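from the sequence below, what's the structure:
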Amino acid sequence: MRKLMIQSAAALLAASILLAAVFGLLLPLRERNDIADFPAVEDGSQEQPEQLPDDSPVLPDIPEAPEDTDGPEEETEPDVPAQEEIQPELPAPEPTAKYVRAKVNGLQLRSGPGTGYASLGNINKGDMVTLLGKEGNWYRTVYKNKTAYISAGNSYTEEYEMSYSGDERIERIVEEGLRLLGFPYVYGAIRLHDGKGNLLKNFDPGEYDCSSLMQYMFYHGAGVNLNMTTRTQVSQGKHVARSEIARGDLIFFTNSTRYNKTGVERIGHVALYLGDNYILHTASDYAVIEEISTQTVSYTHLTLPTIA
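Just a heads-up that it's a prediction; the model follows:
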């Protein structure tokens, strides 16, 4: 009986100790929760508690690494300056005028790309027309102010290039002349105007002599009024040496009937210089581009006025 009472007392003592330990643990937790529950103030916000001393150990300041906005940097090999590839400097290509040159005499120009189309005329070996494009085995060009076609066969034609003048007005003059290739030569043909820009009646846009052709080209191409004859047109420009002749210059020729005359009376023909010893003119048959083959007595450069 005595032994039973001792065991009961020991059990009661152990239970008391356990309850005391649990109560001691709960009390600090409750106190910390009370700190976190701030009483509400009238404006709806919570009242901030007084700052409690921080008993946590103070760590030494560690300088922050600079912010990396590009993300973590991967390990790479040391930077080696790239060897810049040096490209050879090539001269800028000069713009060129493209032509088709005949290799045979009597080469036909037709209204369409084929031998079944009507003939518009023909050119001889060495003569040229402008190159506008190619359709199959035919070059597209312009002849008698119409779209025309000429064979692109290697036995008949070849492509030819020469440099532009760099002056838009001169190129417009040349372009006007290219439209008139093939029109017949008519001695004393009625001029476009009287030399001062006053248009003449009965002018026929399908026939020209040498000076009327130049007058038409300069008027429509650059708004320049040339005089009515070769011997009066020569006085409108300035004389240049043969070595200085350039695309767009007028060349004045003599002929067998005027060769022994003097001064401007020696002049019997005029043509437009294109370059590479080629001229655009009309003589005894039709307007054509061909190489210079007769004796030249004068080269004249016309100073073109500013065109609005």
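
list the beta-bridge partners for L272.
Beta-bridge pairing of L272 under DSSP bridges involves L250, L280.

okay, it and A102: tell me how far apart.
Using C-beta to C-beta, to the nearest Å, L272 is found at 20 Å from A102. Quick note: C-beta positions are derived from backbone N, CA and C, even for glycine.

with neighbour numbers in mind, choose between the two.
A direct count of neighbours by other C-beta atoms under 10 Å for L272 and A102 places L272 higher, at 25 against 22.

OK, contacts around the more buried one?
By C-beta atoms under 8 Å, 6 or more residues apart in numbering, the contact list for L272 reads 173-174, 177, 214, 217, 248-251, 279-281.

surely M162 is within a strand?
Yes - assessed by DSSP: H, G, I helix; E, B strand; the rest coil, M162 belongs to a strand.

that one and T96 touch, don't they?
Yes - the pair M162 and T96 passes the contact test of C-beta atoms under 8 Å, sitting 6.4 Å apart.

circling back: tell me the one of the contacts of L272 nearest V264?
L250 (13.4 Å; C-beta to C-beta).

from H239, how far out is that closest one?
11 Å.

neighbour-wise, which of those two wins?
L250 (25 against 11).

surely that one touches V270?
Yes - applying C-beta under 8 Å, one finds L250 in contact with V270, separated by 5.7 Å.

between those two, what contacts are shared?
In contact with both L250 and V270: 214, 233-234, using C-beta under 8 Å, 6+ apart.

turn the residues you listed into a markdown table, columns for secondary structure and neighbour count.
Shown next, in a markdown table, are the shared contacts of L250 and V270 (DSSP: H, G, I helix; E, B strand; the rest coil; neighbours: other C-beta atoms under 10 Å):
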| residue | secondary structure | neighbour count |
| --- | --- | --- |
| M214 | helix | 25 |
| Q233 | helix | 24 |
| V234 | helix | 20 |
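
and which of those is nearest T157?
M214 (27.3 Å).

contact partners for that closest one?
226, 233, 250, 270-272.

can we see that at 7 Å?
226, 233, 250, 270, 272 (C-beta atoms under 7 Å, 6 or more residues apart in numbering).

next one: Y208
Applying C-beta under 7 Å, 6+ apart, the residues contacting Y208 are 180, 183, 185-186, 189, 216, 282, 287.

kindly reformat the residues you listed as a markdown table containing pLDDT and neighbour count.
Formatted as a markdown table, the contacts of Y208 follow (pLDDT from 0 to 100; neighbours: other C-beta atoms under 10 Å):
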| residue | pLDDT | neighbour count |
| --- | --- | --- |
| L180 | 97 | 22 |
| F183 | 98 | 22 |
| Y185 | 97 | 19 |
| V186 | 97 | 14 |
| A189 | 97 | 21 |
| Y216 | 98 | 23 |
| T282 | 96 | 28 |
| A287 | 97 | 24 |
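
quick one: low-confidence residue ranges for the stretch 1-150 of the chain.
For the stretch 1-150 of the chain, the stretches with pLDDT under 70 are 1-94.

mind running it again at 90?
1-95 (pLDDT under 90).

got it, and the stretch 201-308 of the chain?
Short version for the stretch 201-308 of the chain, where the test is pLDDT under 90: 235, 237-244, 254-260, 262-264, 266, 284, 292-308.

strands along that one, start to end?
Secondary structure of the stretch 201-308 of the chain (DSSP state E, counting those that start in this stretch): strands at 238-239, 250-253, 269-275, 278-282, 287-291, 296-301.

what's around the closest residue to V224 other than its chain neighbours, how many residues?
Computed as C-beta to C-beta, 6 or more residues apart in numbering, the closest residue to V224 that is not its neighbour in sequence is F218, at 4.3 Å. Using other C-beta under 10 Å, F218 has 27 neighbouring residues.

cool, S163 as well?
14.

now the helices for the chain?
2-36, 168-179, 210-222, 230-233 (DSSP state H).

which ones are touching S151?
Neighbouring residues of S151 by C-beta under 7 Å, 6+ apart: 107, 137-138, 157.

now a ChimeraX select for only the buried ones of these.
Per 16 or more other C-beta atoms under 10 Å, the buried members of the contacts of S151 correspond to this ChimeraX selection:
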select :107,138,157
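
taking the contacts of S151 together, which two end up most distant?
L107 and N137 (13.7 Å).

show me how the protein divides into domains.
What automatic domain parsing lists as the domains of the chain is 96-163, 168-301.

what about H239, distance to I251?
11 Å.

cool, T232 as well?
16 Å.

same check, this time on E291
12 Å.

so between those two, which is more surrounded?
I251 (19 against 11).
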